[in-house]
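1. model this:
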Amino acid sequence: MKGSDPWWPQELGQPSTSGGQNDMRYAFFPDKHRLLIERDGKRTTYDSGDHRISGVSQSNGRSPTFTSQNGDVAVDDLKVVD
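-> Numbering: from 1, shown residues only. Just a heads-up that it's a prediction; the model follows:
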């Protein structure tokens, strides 16, 4: 049985972690320092800097917060890249 095709660009490779909740899904690519988030069909790419993302939390419609080796990081604190 074939799984679903990835929703992220192939050039990023395989994410070290991915998941989703509510109307959002994410994938983290540590080798490329990229975090992809898709909300309501719109995909945004972020520069994760030195963060190695391992999980996510989201509450009350606020922006998600990700867990990294440096502690929690809000997605609003990451730089959007094209």
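2. can we go C-alpha only for contacts and neighbour counts from here?
-> Will do.
3. List the pairing partners of the lowest-mean-pLDDT helix or strand in the chain within its sheet, with orientation.
-> Sorting the helices and strands of the chain by mean pLDDT, DSSP states H and E puts strand 55-57 at the bottom, at a mean of 83. Note on strand 55-57: by DSSP bridges, its sheet partners are strand 65-68 (antiparallel).
4. Residue 69 against residue 53, yeah?
-> Yes - between residue 69 and residue 53 a contact is recorded at 7.4 Å, counting by Cα atoms under 8 Å.
5. on that earlier part again, in the least confident helix or strand of the chain, what's buried?
-> Under the neighbour-count criterion of 16 or more other Cα atoms under 10 Å, strand 55-57 has 55, 56 buried.
6. can you give me the offset of that strand from its chain's centre?
-> Relative to its parent chain, strand 55-57 has a centroid offset of 9 Å by Cα atoms, centre = their mean, to the nearest Å.
7. And for stretch 47-62?
-> With Cα atoms, centre = their mean, you get 7 Å for stretch 47-62.
8. Okay, buried residues for that stretch please.
-> Quick answer for stretch 47-62 (16+ other Cα under 10 Å): 47, 48, 51, 52, 53, 55, 56.
9. Which single one of those residues is nearest to residue 82?
-> residue 47 (9.7 Å; Cα to Cα).
10. Leaving out sequence neighbours, find the closest residue to that closest one.
-> Nearest residue to residue 47 in three dimensions, chain neighbours excluded: residue 34, at 5.0 Å (Cα to Cα, 6 or more residues apart in numbering).
11. Look at the one you found and say how many residues are nearby.
-> Close neighbours of residue 34, defined as other Cα atoms under 10 Å, add up to 23.
12. And residue 21, by the same measure?
-> 10.
13. Against residue 10, how distant is it?
-> 23 Å (Cα to Cα, to the nearest Å).
14. One more: residue 57?
-> Taking Cα to Cα, one finds residue 57 at 26 Å from residue 10.
15. next one: phi and psi at residue 45?
-> Note on residue 45: backbone dihedrals following degrees, to the nearest 10 are phi -110, psi 130.
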